[in-house]
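A.B. asks: Dropping a prediction and its sequence here:
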Amino acid sequence: VVGFSWGGGIAHRLLASRGWRGPTLLLAPTTVAMARCALRSPQRLDEARVRVVLASDDGFVPRPATESLYEAVAVVHDDH
């Protein structure tokens with residue numbers, strides 16, 4: 001599964017709830033923003049087969065907060 005932006009947040013939620021357990025690529029997932037809207041803390045994904053790509057100048061996806069949720073994060077020089 002590949003999830004981008006809001007779709008990445010949905011994919012994160014599916015992985016956290018174990019509704020999906022397959023390999024997943026998240027591109028600029030809005031996980032932190034979605035958790036704030038739901039008045040929850042985002043869940044760290046330690047056991048999921050997930051890779052995350054973040055942009056260095058993304059105004060929607062805060063890098064430090066998002067990087068702390070995943071083990072495998074790549075950062076590219078770009079925006080959202």
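C.D. replies: Thanks, I have it.
A.B. asks: wait, what's in contact with the nearest residue to I10 once chain neighbours are set aside?
C.D. replies: Once flanking residues are discounted, I10 sits nearest to G3: 6.3 Å by Cβ to Cβ, 6 or more residues apart in numbering. Just so you know, the C-beta spots here come from the backbone N, C-alpha and C atoms, and that holds for glycine as well. G3 is in contact with G9, I10, A11, H12, T24, L25, L26, L27, P29, counting by Cβ atoms under 8 Å, 6 or more residues apart in numbering.
A.B. asks: same question, L45
C.D. replies: Applying Cβ under 8 Å, 6+ apart to L45 gives the contacts H12, L15, A16, L69, Y70, E71.
A.B. asks: out of these, which one sits closest to D78?
C.D. replies: Using Cβ to Cβ, Y70 comes nearest to D78 of the contacts of L45, at 18.1 Å.
A.B. asks: excluding its backbone neighbours, what's nearest the residue positioned nearest the centre of the chain?
C.D. replies: With distances taken as Cα atoms, centre = their mean, the residue of the chain nearest its centroid is P29 (3.8 Å). Distances taken as Cβ to Cβ, 6+ apart place G8 nearest to P29, at 2.8 Å, with adjacent residues excluded.
A.B. asks: which residues of the chain score low on pLDDT?
C.D. replies: Within the chain, no range satisfies pLDDT under 70.
A.B. asks: In it, spot the helix with the most residues.
C.D. replies: Ranked by number of residues, the top helix in the chain under DSSP state H is helix 6-17.
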